[in-house]
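> Sharing a model prediction with you, sequence too.
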Amino acid sequence: MSPTRVFFALFLAAAACGGSSTSAPAPAEPAPTTAPPAPAIGARRYDARTFYGTVLMAGASFSHDGSRVLISSNKTGVFNVYSVPVAGGDPEPLTRSTTDSIFAVSYFPADDRFLYSADQGGNEQSHLFAMEADGKSRDLTPGDKTKASFIGWSRDHKAFFVTTNERDPRAFDMYRYAVDGYARALVFKNEQTWAIGDVSYDQRWLALDKTNTNADSDVYLVDLRARKARPVLVTRHKPPVQNGVLGFTPDSRKLYFGTDGAGEEVQAWSYDLRSRRQAVEVTAEWDVGPVYFSENGRYRVSAINQDARTVLQIDDLTSKSQVTPADLPPGDITDAVFSQDEKRMAFYLSSDRTPRDLYVLDLASGKANRLSSNLDPGVKQDDLVDGEVVRYPSFDGLNIPAILYRPRGAGPDHRVPAVVWVHGGPGGQSRHGYNPLLQFAVNHGYAVLAVNNRGSSGYGKTFYHLDDRHHGDVDLKDCVFARRYLESLDWVDGRRVAIMGGSYGGYMVAAALTFEPEAFDAGVDLFGVTNWVRTLENIPPWWSSFRDSLYGELGDPAVDKARLTAISPLFHAERIRRPLLVAQGANDPRVLKVESDEIVAAARKNKVPVEYLVFPDEGHGFRKKENEIATAEKVVAFLDRHLPAK
């Protein structure tokens, strides 16, 4: 687990963006009086169904013999588990869900069984399942309110470790499961409700994360062989420092952890379990993490967050050289994993114009074999656009990083409307990579500026903390000044600019329409917070270990209710004057559906155009392809209607 600030990218971060059904019919909208933006010159315009024909893949685990890779794919419209032959060929479906998404976890280390996880309708109460060789599935963590996670395999491959909150919804205890028969034993009772980071391969050491504030966190070790397994502090420090577990080395001699105690950026350090000495292991001019190893420790993988893109450093610790796959198309390499014999490496390659494709590298020959082609064949890659990293001055002169997407053919003689996109978080980050919703909007003639307002991850700890307890103020001003930047571009029609975002980004949309009601011409709120008091009072119990961090970032509703009310759009909704589109998952445990219900009802009282989508089979972020298609169509139609050519 990375240091605390990375967690904020997960708390209210937007997952996919889409939706399918409405909770109630929206009032009929008048047809646009003028035509929508003209197609980009030289680029074919695609409908949403063609765009979302693109396949998304995630996860990778080699089979015990190295011949196959276990992955998740939404090829059928719902994520399922597939086995991909290393030699090439069609993926073999191993699960066939038509409702809930299923995600691959790992092959078993000595046979063809595999582990996978699934929740129910996006409620985030994921269970861990084992798929037997005969195709029968077994729920290893049953319980209506149980949430479980896989931690890892033992070195001898006879056991694996799982955390569940079945005893206490707030606390994740750790269990050891036998590979044969699945008999389990409680290994660590988590009475302090800290976050479990990793367990060593020799099954002796457990690493824990303890969050003190959003700027201060510690790493503890537990000796599981001791008579009294008590946590011992590893990261002693005086000033506020964020520390977080990265993982143990395969020889169980060192613990890696991330820390920002030596400067602005997160570095990877090690703690020697025998000598108790700490040492710097991986540094860069940007945040480092995650860091992990191949099973036998020959290879170490370090991910570096370099100006909103992932740069993977793969070190061969035996030859003291770096692994650099050759003859690959441009893009970012991510999620590298190794076969047990360390002869092959699987990874994904992606870019702004290409979704993640799976490759396998033969480490002896250096040849990489591409195993997927996930961009829909109906989409011409040259019709998509690459994002450009830009920086613009905000209200106080601070430079704000952003990624700018320019429609093909846009220019002084073909000026286009624009959208300011705000990421989830609050401490998330807009990053390079294939985003079908943004590419769809750009393909339909909209410039997109994906901002990384102050408080975003990836630009040092000072920048990250600039919005602490100033949400709805300085971060919103960064978004308002994003519009001013767009207005300065001679190829953007500065009279037609909307704001859009998911989760925390959805909050920024609602905040913009209430606290800066003239700043944007329309807003698209995807499952955004509108009442911080309610949201912080209803933090899911399984996030108890991070509660103090959230309160440090945003405020404690028991103490800061007045300020949280002041920054909550719901309590100021009478100010909304611009058209609003809201999309929400009915099963969302982070941003409750009532948040969107109430802001929609309040905005409609102002007689402004409001459209509302509710998806009964989704949670926080939308996973089902049909839902994504419907939402993309609705978003672009909404923008066409309310940002007409003037």
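Ah, there it is. Keep in mind the model is a prediction, meaning the values are calculated, not measured.
> and F161, what element?
Using DSSP states H and E, F161 maps to strand 159-168.
> Can you list the helices and strands that that strand packs against?
Helices and strands touching strand 159-168, by 3 or more C-beta pairs under 8 Å, 6 or more residues apart in numbering; DSSP states H and E, are strand 148-153, strand 171-178. (C-beta placed from N, C-alpha, C; glycine too.)
> Using the centroid of the chain, identify the residue furthest from it.
Farthest-out residue of the chain from its mean C-alpha position, per C-alpha atoms, centre = their mean: R227, at 39.4 Å.
> returning to that earlier point: adding mean pLDDT and mean neighbour count, write the helices and strands packed on strand 159-168 out as a markdown table.
Formatted as a markdown table, these follow (pLDDT from 0 to 100; neighbours: other C-beta atoms under 10 Å):
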| stretch | mean pLDDT | mean neighbour count |
| --- | --- | --- |
| strand 148-153 | 97 | 19 |
| strand 171-178 | 97 | 20 |
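> Can you lay out those as TSV showing distance to L371?
Conversion of the helices and strands packed on strand 159-168 to TSV gives the following (distance: least, C-beta to C-beta, whole Å):
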stretch	distance to L371
strand 148-153	24
strand 171-178	30
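> So which of the ones you listed is nearest L449?
strand 148-153 (35.8 Å; C-beta to C-beta).
> mind listing what the closest one pairs with, with the direction of each?
Strand pairing for strand 148-153, determined by DSSP bridges: strand 159-168 (antiparallel).
> Residues touching the strand it pairs with, excluding its own?
115, 128, 140-141, 143, 145-154, 171-179, 184, 187, 189, 193, 196, 199, 203, 541-542 (C-beta atoms under 8 Å, 6 or more residues apart in numbering).
> how about it as PDB, C-alpha atoms only?
Only the C-alpha atoms of strand 159-168 are listed here, as PDB (Å, rounded to 0.1, in the frame of the first residue of the first chain):
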ATOM      1  CA  ALA A 159      -1.400 -21.400   2.000                       C
ATOM      2  CA  PHE A 160      -2.700 -18.000   1.100                       C
ATOM      3  CA  PHE A 161      -3.800 -15.000   3.200                       C
ATOM      4  CA  VAL A 162      -7.100 -13.200   3.100                       C
ATOM      5  CA  THR A 163      -8.500 -10.300   5.100                       C
ATOM      6  CA  THR A 164     -12.200 -10.000   6.000                       C
ATOM      7  CA  ASN A 165     -14.300  -7.700   8.200                       C
ATOM      8  CA  GLU A 166     -16.800 -10.400   9.200                       C
ATOM      9  CA  ARG A 167     -16.000 -10.100  12.900                       C
ATOM     10  CA  ASP A 168     -16.200  -6.300  12.900                       C
END
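> What count of nearby residues applies to D156?
Using other C-beta atoms under 10 Å, D156 has 11 neighbouring residues.
> check which helix or strand covers it.
Taking DSSP H and E as the definition, one finds D156 inside no helix or strand.
> how close does it sit to N452?
Going from D156 to N452 by C-beta to C-beta, to the nearest Å gives 45 Å.
> ditto for Y405
In terms of C-beta to C-beta, Y405 sits 14 Å off from N452.
> cool, and Y299?
From Y299 to N452 the distance is 31 Å (C-beta to C-beta).
> neighbour-wise, which of those two wins?
Using other C-beta under 10 Å as the criterion, Y299 and N452 rank with N452 on top: 26 against 21.
> quick one: contacts for that one?
With C-beta under 8 Å, 6+ apart, N452 has these contacts: A308, I400, P401, A402, H423, Q429, S430, G458, Y459.
> and it, what pLDDT?
Among the per-residue scores, N452 shows a pLDDT of 98.
> Could I get the full set of helices for the stretch 1-150 of the chain?
Ranges of helices within the stretch 1-150 of the chain are 4-11, 48-51, based on DSSP state H, counting those that start in this stretch.
> Lowest average confidence across the ones you listed, which one?
helix 4-11 (a mean of 39).
> Now do the SS call for the residue farthest from the centre of the chain.
The three-state label given to R227 by DSSP: H, G, I helix; E, B strand; the rest coil is coil.
> where's it relative to V529, distance?
Per C-beta to C-beta, R227 is found 46 Å from V529.
> Now stretch 217-227: buried residues?
S217, D218, V219, Y220, L221, V222, L224 (16 or more other C-beta atoms under 10 Å).
> Low-confidence bits of the chain, can you list those?
Scanning the chain for pLDDT under 70 picks out 1-42.
> quick one, domains of it?
As assigned by automatic domain parsing, the chain contains the domains 4-50+378-642, 294-374.
> Just send those domains back as a markdown table, with distance to N212 too.
A markdown table is the format used below for the domains of the chain (distance: least, C-beta to C-beta, whole Å):
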| stretch | distance to N212 |
| --- | --- |
| domain 4-50+378-642 | 7 |
| domain 294-374 | 24 |
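> Sketch out the helices for the stretch 151-300 of the chain, chain order is fine.
Counting by DSSP H, counting those that start in this stretch, no segments of the stretch 151-300 of the chain form helices.
> Which parts of it are strands?
159-168, 171-178, 184-188, 195-199, 205-213, 216-223, 232-233, 243-248, 254-259, 267-272, 278-282, 287-293, 299-305 (DSSP state E, counting those that start in this stretch).
> Buried residues in the first one, which are they?
So that's strand 159-168. Quick answer for strand 159-168 (16+ other C-beta under 10 Å): A159, F160, F161, V162, T163, T164, N165, E166.
> Just want the angle from that strand to strand 184-188.
70 degrees (axes from the mean of the first three to the mean of the last three C-alpha atoms, to 10 degrees).
> How about the contacts made by D588?
G122, F527, E618, G619, H620 are the contacts of D588 under C-beta under 8 Å, 6+ apart.
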